[in-house]
Each structure stands twice: as structure tokens, then as C-alpha cells.
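*Asks:* Following is a predicted model, sequence given first.
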Amino acid sequence: MLNDIQEVLITEEELKAKVKELGELLSREYEGRNPLVICVLKGAFMFMSDLVKSMTVPLEVDFMAVSSYGKSTRSSGEVKIIKDLDTPVEGRHVLIVEDIIDSGLTLSYLIDVLERRNALSVQIVALFDKPGRRTVDLEPDYKGFTIPDAFIVGYGLDYSERYRNLPFVGVLKPELYSH
Ligand SMILES: O=P(O)(O)OC[C@H]1O[C@H](OP(=O)(O)OP(=O)(O)O)[C@H](O)[C@@H]1O
Ligand code: HPA
Ligand SMILES: [Mg+2]
């Protein structure tokens with residue numbers, strides 16, 4: 001698995017420090033609001049679990065699974081809800097936890113769904129932002145790292161369902177991609 005990585009982009013230590021910093025910031029922002037923190041599966045599972053551990057305010061968690069990449073490094077353009085939330089979002093302060101914003105299609109679709117369900121507020125925290133590939137106008141409210149236009153894997157992010165368990169984030173060797 002390690003042989004497939006061309007370059008380590010963000011180390012385990014850098015991830016740890018950034019996630020802690022975001023957790024502390026979000027604890028201040030959500031003081032007294034009992035947010036519903038939504039993990040966008042599968043990619044955000046590792047970020048979510050580390051982030052909520054560094055949040056010190058009362059909160060609830062829920063999970064939603066969406067997919068648009070499948071076995072490709074390019075979005076299919078069609079966002080599918082594979083698992084919906086268990087919790088009603090009406091009247092709730094919702095914080096969406098995403099691993100990466102690339103084209104922006106996944107999040108713009110999710111924000112639309114949650115606003116139509118009458119959430120009181122909807123904010124986004126994204127660990128990685130790849131602004132060079134955006135096709136819709138969307139900015140996260142909180143973000144970890146801005147990254148260049150390369151397909152990254154690790155810390156939850158996959159290529160064709162693999163590499164999610166790497167503790168760091170790296171760029172795959174280009175010869176392993178099939179676009
Ligand atoms: O901004 P976008 O271009 O929409 O890309 C971002 C989304 O794509 C990936 O999910 P994917 O569809 O690969 O599902 P996964 O999380 O199960 O890997 C990633 O985890 C984000 O949710
Ligand atoms: O760079 C990426 N890596 C993994 N999954 C992704 N989904 C959108 N962009 C990416
Ligand atoms: Mg994926």
C-alpha cells in the first residue's frame with residue numbers, strides 16, 4: 001500500500017494538530033447551541049471521530065452516506081444518498097463534517113437538502129479544500145488545509161475504496177489511476 005504513494009502531502013502530526021485546532025474553534029462557535037454534527041460517509045469518518053473528540057460542548061452526532069465518485073478520480077456529477085439521517089434537522093443548528101470539497105457538487109446538494117428540511121443554520125467544516133477544481137460556487141465556513149489539484153488518499157479518503165486507513169494524506173502514483 002505504501003508503495004503506491006508518490007508523495008506524503010500532510011503528515012499524521014500535522015493532521016492531528018489541525019483537527020485539534022478546528023475542534024477548539026468549533027467549541028467556541030457552538031457554545032450553548034447543542035449542534036447536530038453530521039458526518040458525510042464514508043470519507044469523513046476519521047476526521048469526524050477525531051474532531052468531535054476535541055470538541056468540548058454538548059453535541060449530537062448523525063451520519064449520512066453519499067457517493068458520486070465510485071471508482072473514478074472525477075465526480076460522476078450525480079450525488080446519491082445511500083444512507084439518510086436518523087435525526088430530524090428542523091430547528092437544529094447543523095454542522096456538516098466533510099473530508100474534502102473538490103467540485104463542490106456533494107456539498108451544494110447536501111446544503112440544499114438540509115435547508116429544505118428547515119435546519120435553523122447549516123455550516124460546513126471541511127478538512128481539505130481543493131479550490132482549483134470547483135464547478136459550483138461554494139466555500140466552507142471552516143477549513144483545515146487548502147490543497148493543490150491532485151487526487152489525494154488517506155485519513156478516510158479513498159481511491160476505488162482503498163487507502164482510507166492510511167494515517168497520513170498522500171498523492172497516489174499517477175500510473176495507478178484509471179480516469
Ligand atoms: O466536491 P465533490 O467533487 O463533490 O467531492 C467531494 C466528495 O467526494 C468524496 O466522496 P465520494 O463520492 O468519493 O464518496 P466516499 O466519501 O464514500 O468516498 C468526498 O469524500 C466528498 O464527499
Ligand atoms: O482528491 C480526492 N481524493 C479522494 N476522494 C475525493 N473526492 C473528491 N476529491 C477527492
Ligand atoms: Mg470516495
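*Replies:* Now that the structure is in, tell me what you want to look at. Numbers count the residues shown, from 1 in each chain. Ligands and ions are numbered 1, 2, ... in the order given.

*Asks:* Flag every residue of the protein that's near ligand 2.
*Replies:* Within the chain, the positions near ligand 2 by C-beta under 6 Å from any ligand atom are Y69, I100, D102, F151, I152, V153, L157, D158. Heads up, the C-betas are built off the backbone N, CA and C, glycines and all.

*Asks:* and the fourth one, backbone torsions?
*Replies:* I take that to be F151. phi -80, psi 120 (degrees, to the nearest 10).

*Asks:* Relative to K173, how far out is it?
*Replies:* To K173, F151 is 11 Å away according to C-beta to C-beta, to the nearest Å.

*Asks:* what about those two, which has more around it?
*Replies:* Each of F151 and K173 has its neighbours counted (other C-beta atoms under 10 Å); F151 has more, 19 against 12.

*Asks:* hmm, who's touching the longest helix belonging to the chain?
*Replies:* Criterion DSSP state H: the longest helix present in the chain is helix 12-29. Contact partners of helix 12-29, identified using C-beta atoms under 8 Å, 6 or more residues apart in numbering, comprise 47, 50-57, 95, 125, 127, 142, 144-145, 155, 167-169.

*Asks:* burial count for S160?
*Replies:* S160 has 14 neighbouring residues, counting by other C-beta under 10 Å.

*Asks:* ok, now which ones touch it?
*Replies:* S160 neighbours (C-beta under 8 Å, 6+ apart): G70, K71.

*Asks:* same thing with Y177?
*Replies:* Y177 touches T73, F151, Y159, counting by C-beta under 8 Å, 6+ apart.

*Asks:* near ligand 3, which residues of this structure show up?
*Replies:* Contact residues, the chain versus ligand 3 (C-beta under 5 Å from the ion): Y69, D158.
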